[in-house]
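# Below are the sequence and a predicted model for it; my questions follow.
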Amino acid sequence: MSVAGTTERVLRLLALLQRRPSWTATELAAELGVTDRSVRRDVERLRALGYPVHATAGVGGGYQLGAGTRLPPLLLDDEEAIATAVSLRMASGGTVAGAGEAALRALAKLDQVMPPRLRAEVRAVHSATDTLVGPGTEIDADLLVTLARACRDSVRVRFRYAARSGERERAVEPVRMVATRHRWYLMAFDVDRDDWRTFRLDRMHDVTATTWHFHPREHPDPAAYVQHATSEAPYQHLARVRLRATAAQVRDRVPPQVAKVEDAEDGWCTLTAGGNDLTWLAMHIAALGLETEVLEPPELRTTAQHLAEHLAAMAAHPRTS
């Protein structure tokens, strides 16, 4: 076989190894239309190029593409290339410090080698899309990596935390990071307070992963816990109302960090939200424009009535020229 034919087959082999975790030599030979011996030679060619292809012997053994000391070139099919390019364009305006510049560099590399037909599809998606970026706080990428590794390896983390009561040192056992539209949070077990806590990443300083390994504890669902901590727990008032709509319809209009929305019966759902001002809560619930039944607190019902009377009085006095 010619050099070009061998190169094409090796690239096909690489694409197969990237498609799923493990292949037997027989499966690869069948996919490529060659012998097991040719597969072994092509695997050696990939290893010589820096691709860490691991082999396991015996029944059920086979080949697996592993992680090496550097990132080798990746092969993407058409759908993967389009999805990656679109995601990189979105990431260029994200909330992770430095990610925008890195995303643009990666996008430039991908765009350089992308076939014109795929490049046109990506640009069509981009030109037809606008992104509204909220006033989120940028998070240092190194901080994300440090916390992600600590969550993965179950090691304690120490940091300075700027809370409302002042800045203090905290020692925690991290479980998961949760990203909302504008902020990043860490759910962790606070060793000193012997309880679960959430921490805003933009308030964390001098973050250090220790060498102390901990045994993971049974923990609440991280996303639900952060949602409760950010939309309910910090506020003076907690409102619960029934809305005549499905939970999915309301979630499309209410961000998860603002309120918890759950399905109820007969086409209704319940919305739970916290706030320090009942008038503010009543206004935002009324702005949804849905039939509403106040469950608690009773004072919200009185506040809504006063708000309705005020709005009615405003409507009764139209401006005259």
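Sure, I can see it.
# Tell me the helix or strand right after the helix or strand where H205 lies.
Using DSSP states H and E, H205 sits in strand 204-213. Using DSSP H and E, the helix or strand that directly follows strand 204-213 along the chain is helix 222-231.
# and V178, how many residues sit next to it?
22 (other CB atoms under 10 Å). Any C-beta I mention is one placed from the backbone N, CA and C, and that applies to glycine too.
# which residues sit in contact with it?
Going by CB atoms under 8 Å, 6 or more residues apart in numbering, V178 touches 184-187, 198, 222-223, 226.
# can you map out the strands along the stretch 1-150 of the chain?
53-56, 62-65, 96-97, 139-140 (DSSP state E, counting those that start in this stretch).
# closest one to A120 among the ones you listed?
Distance to A120, taken as CB to CB, is lowest for strand 96-97 among those, at 28.8 Å.
# Poorly predicted segments of the stretch 1-150 of the chain, please.
1-4, 58-61, 68-73, 92-101, 104, 126-137 (pLDDT under 70).
# Tell me where it has helices.
Secondary structure of the stretch 1-150 of the chain by DSSP state H, counting those that start in this stretch: the helices cover 3-19, 25-32, 36-48, 78-91, 99-113, 116-127, 141-153.
# quick one: the second one to helix 3-19, angle?
Using axes from the mean of the first three to the mean of the last three CA atoms, to 10 degrees, the inter-axis angle of helix 25-32 relative to helix 3-19 is 120 degrees.
# what's the domain layout of the chain?
Following automatic domain parsing, the chain resolves into domains at 3-65, 78-127, 139-220, 232-314.
# what sits against the most centrally placed residue in the chain?
The centroid of the chain falls nearest to A179 when counting by CA atoms, centre = their mean (5.7 Å). With contact set as CB under 8 Å, 6+ apart, A179 has these partners: Y185.
# mind checking the backbone torsions on it?
phi -110, psi 130 (degrees, to the nearest 10).
# ok so, going back, turn the helices of the stretch 1-150 of the chain into JSON lines, including mean neighbour count.
Listed next are these as JSON lines, based on neighbours: other CB atoms under 10 Å:
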{"stretch": "helix 3-19", "mean neighbour count": "15"}
{"stretch": "helix 25-32", "mean neighbour count": "16"}
{"stretch": "helix 36-48", "mean neighbour count": "15"}
{"stretch": "helix 78-91", "mean neighbour count": "16"}
{"stretch": "helix 99-113", "mean neighbour count": "14"}
{"stretch": "helix 116-127", "mean neighbour count": "13"}
{"stretch": "helix 141-153", "mean neighbour count": "16"}
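# could I get those helices as CSV with distance to A247?
Putting those into CSV (distance: least, CB to CB, whole Å) gives the following:
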stretch, distance to A247
helix 3-19, 37
helix 25-32, 45
helix 36-48, 49
helix 78-91, 26
helix 99-113, 32
helix 116-127, 30
helix 141-153, 29
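# nearest to W268, of the ones you listed?
So among these, helix 78-91 is nearest, using CB to CB, at 35.0 Å.
# what helices or strands is that closest one leaning on?
With contacts taken as 3 or more CB pairs under 8 Å, 6 or more residues apart in numbering; DSSP states H and E, helix 78-91 sits against helix 99-113, helix 116-127.
# Let me have those helices in TSV, adding distance to C151 as columns.
Formatted as TSV, the helices and strands packed on helix 78-91 follow (distance: least, CB to CB, whole Å):
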stretch	distance to C151
helix 99-113	19
helix 116-127	33
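# Of the ones you listed, give the one that comes closest to A264.
Between A264 and those, the shortest gap by CB to CB is with helix 116-127, which sits at 37.5 Å.
# what distance separates that closest one from the centre of its chain?
25 Å (CA atoms, centre = their mean, to the nearest Å).
# got the angle for it vs helix 99-113?
Using the same axes, to 10 degrees: helix 116-127 against helix 99-113 is 150 degrees.
# Tell me which residues are up against helix 116-127.
By CB under 8 Å, 6+ apart, the residues outside helix 116-127 that reach it are 78, 81-82, 85-86, 89, 111, 114.
# These: which two are farthest apart?
Farthest pair in those, by CB to CB: D78 and R89, 17.0 Å.
# residue ranges of the helices in the stretch 151-300 of the chain, please?
Going by DSSP H, counting those that start in this stretch, the stretch 151-300 of the chain shows helices at 222-231, 247-251, 278-286, 298-315.
# Mean neighbour count, those helices: which tops it?
Highest mean neighbour count among those (mean count of other CB atoms under 10 Å): helix 222-231, with a mean of 19.
# just checking, what packs against it?
Going by 3+ CB pairs under 8 Å, 6+ apart, helix 222-231 lies up against strand 166-179, strand 184-190, strand 195-200, strand 260-263, strand 269-275.
# Now with 6 Å, please.
Judged by 3 or more CB pairs under 6 Å, 6 or more residues apart in numbering; DSSP states H and E, the packing partners of helix 222-231 are strand 166-179, strand 184-190.
# Dump those to a markdown table, plus distance to V53 and mean pLDDT.
A markdown table is the format used below for these (distance: least, CB to CB, whole Å; pLDDT from 0 to 100):
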| stretch | distance to V53 | mean pLDDT |
| --- | --- | --- |
| strand 166-179 | 32 | 90 |
| strand 184-190 | 36 | 92 |
